[in-house]
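Q: starting from these lines, generate the structure:
(one chain, ligands or ions: 1)
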Amino acid sequence: MRVVCLAGGVGGAKLADGLAQVLQPGELTVVVNTGDDFEHHSLAIWPDHDTVLYTLAGMADPVQGWGIEGESWHVMDQLATLGEPTWFRLGDKDIATHLYRNERLRRGVRPTEIALELAAALGVRSIVLPMTDQPVRTRVRTDEGWLDFQDYFVRLRQEPAVREVAYGGAGLAAATPEVEAAIAAAEIVVVAPSYPVVSIGPILAVPGILESIREVRGRGAPSVGVSGIVGGKALRGPADRMLTSLGEESSALGVARRYAGFDLLDGLAIDDQDASQAGAIAELGIQPLVTATVMTNRASRAALASAVLEFAIGIATGRTTEAGAT
Ligand code: FO1
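A: This is a model prediction of the structure:
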């Protein structure tokens, strides 16, 4: 079964790991947000890509979700001694990934090819693709003005209220042939429980991606999402506050409304706690699945992935029946 999963960082990586556990090697393609990428200490940093990569390689730090488990921090300590900024922390092993990537970029290799090389080197059996090979930079407008995403997210610890979000460069970017081919071949599209605005938003802003999803849905492949808002709160990070400060509702229904605006989904998995919102979600034309969505360990990632895939297959089958009846 060919599955494409749109994902941001930690939440997306967890569901991707669940999907990889229940699918055969090579069946899963994860299209990752690159709007969080930036340059720091002259290194090209790809946070969401690396979080998905390390999670699928079984080497992610289990506590913070990003970076590599059992890291040492000698380079950061030495940079601090030199008076360099260390608010964005790269572990020593993680720096090796960055040195490899920088050298390949310097040689003119496409980001997509570098991503495929890294996944192969780390023994990842799913395909992890950057959403585009062109630079896209998410920026947020706060009461103090526009900020680069990592400045807001890591340096300022997501404290300022976000009034507006921009995906710089997205209009000039294009979906890669690899992303377009993966979506065209998908039997199911899954939208991970990542930030709707700053993780999935940039992916949808890349010309070609939403169009490819619409095309494959038109051929009967369902697109199903998972709400990362449970009981009105984000499971981690500021997604709830961000939705509210942007004038949207911080709830599973708010997530459904946002995606309905893009006509992105056939179905949305919401948590048992949010069962009362299922009716309103159905009224948006999005089928709700009420299930346990909180992923606390690898087994619960696999259980959610199975539930989401079965849900999608049910939607596809229902469609076939309806089409057959008319
Ligand atoms: N997040 C932090 O909160 N603090 C960090 O110092 C930090 C370093 C870091 C290094 C490499 C990497 O791949 C990710 C890193 N992240 C860090 C996570 C990341 O910046 C955010 O979680 C995402 O951008 C949001 O999806």
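Q: what parts of the stretch 51-200 of the chain come near the ligand?
A: 51, 66-67, 88-90, 94, 150, 153-154 (Cβ under 6 Å from any ligand atom). Where you see a C-beta, it was placed from the backbone N, CA and C, and this is true even at glycine.
Q: between all of those residues, which two are separated the most?
A: Farthest apart among these by Cβ to Cβ are 94 and 153. That separation is 17.2 Å.
Q: would you check how far apart the closest residue to residue 98 other than its chain neighbours and residue 95 are?
A: Among residues not flanking residue 98 along the chain, residue 43 sits closest, at 4.3 Å (Cβ to Cβ, 6 or more residues apart in numbering). According to Cβ to Cβ, to the nearest Å, residue 43 stands 8 Å off from residue 95.
Q: same thing with residue 18?
A: In terms of Cβ to Cβ, residue 18 sits 29 Å off from residue 95.
Q: could you pull out the helices for the chain?
A: 10-22, 47-56, 74-81, 92-106, 111-121, 149-150, 177-185, 201-205, 209-218, 239-245, 252-260, 278-283, 298-325 (DSSP state H).
Q: how about stretch 185-203: buried residues?
A: 186-203 (16 or more other Cβ atoms under 10 Å).
Q: with stretch 33-46 instead?
A: For stretch 33-46, by 16+ other Cβ under 10 Å, it's 33-38, 43-46.
Q: dump those to JSON lines, plus pLDDT and distance to residue 301.
A: Formatted as JSON lines, the buried residues of stretch 33-46 follow (pLDDT from 0 to 100; distance: Cβ to Cβ, whole Å):
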{"residue": "33", "pLDDT": "98", "distance to residue 301": "19"}
{"residue": "34", "pLDDT": "98", "distance to residue 301": "23"}
{"residue": "35", "pLDDT": "98", "distance to residue 301": "24"}
{"residue": "36", "pLDDT": "97", "distance to residue 301": "22"}
{"residue": "37", "pLDDT": "98", "distance to residue 301": "25"}
{"residue": "38", "pLDDT": "98", "distance to residue 301": "28"}
{"residue": "43", "pLDDT": "98", "distance to residue 301": "30"}
{"residue": "44", "pLDDT": "98", "distance to residue 301": "28"}
{"residue": "45", "pLDDT": "98", "distance to residue 301": "25"}
{"residue": "46", "pLDDT": "98", "distance to residue 301": "22"}
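Q: please list all residues in contact with the nearest residue to residue 40 once chain neighbours are set aside.
A: Leaving aside its sequence neighbours, residue 40 sits nearest to residue 88 (Cβ to Cβ, 6+ apart; 5.5 Å). Residues near residue 88 by Cβ atoms under 8 Å, 6 or more residues apart in numbering: 40, 45, 150, 154-155.
Q: how confident was the prediction at residue 88?
A: If you check residue 88, the pLDDT there is 98.
Q: please apply the same query to the one 3 residues further on.
A: Looking at residue 91, its pLDDT stands at 98.
Q: wait, it touches residue 71, no?
A: Yes: between residue 91 and residue 71 there is a contact under Cβ atoms under 8 Å: 3.1 Å.
Q: so these two - more neighbours on which side?
A: residue 91 (20 against 17; other Cβ atoms under 10 Å).
Q: if we can go back for a sec, let's have the buried residues of stretch 33-46 in CSV, adding distance to the ligand.
A: Shown next, in CSV, are these (distance: Cβ to the nearest ligand atom, whole Å):
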residue, distance to the ligand
33, 7
34, 10
35, 9
36, 4
37, 9
38, 9
43, 10
44, 11
45, 6
46, 7
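Q: widest-spaced pair of those?
A: 33 and 43 (18.6 Å).
Q: I'd assumed residue 262 was in contact with residue 225.
A: No: look at residue 225 against residue 262 with Cβ under 8 Å: they stay out of range, at 10.6 Å.
Q: higher neighbour count, these two?
A: Shown here are residue 225 and residue 262; by other Cβ under 10 Å, residue 225 has more neighbours (29 against 16).
Q: contact partners for the more buried one?
A: Here residue 225 is in contact with 190-193, 255, 259, 264-265, 267-269 (Cβ under 8 Å, 6+ apart).
Q: a markdown table for those, including pLDDT and distance to residue 168?
A: Formatted as a markdown table, those follow (pLDDT from 0 to 100; distance: Cβ to Cβ, whole Å):
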| residue | pLDDT | distance to residue 168 |
| --- | --- | --- |
| 190 | 98 | 27 |
| 191 | 98 | 23 |
| 192 | 98 | 23 |
| 193 | 97 | 25 |
| 255 | 96 | 24 |
| 259 | 97 | 23 |
| 264 | 97 | 22 |
| 265 | 98 | 26 |
| 267 | 98 | 32 |
| 268 | 98 | 29 |
| 269 | 98 | 31 |
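Q: just those residues now: which is nearest residue 181?
A: Once Cβ to Cβ is applied, the member of the contacts of residue 225 that ends up nearest residue 181 is residue 190, at 17.3 Å.
Q: most neighbours, which of the residues of the stretch 51-200 of the chain next to the ligand?
A: residue 51 (27 neighbours).
Q: quick one: that residue and residue 61 touch, right?
A: No: counting by Cβ under 8 Å, residue 61 is not a contact partner of residue 51; they are 9.6 Å apart.
Q: I'm done for today, thanks for sticking with me.
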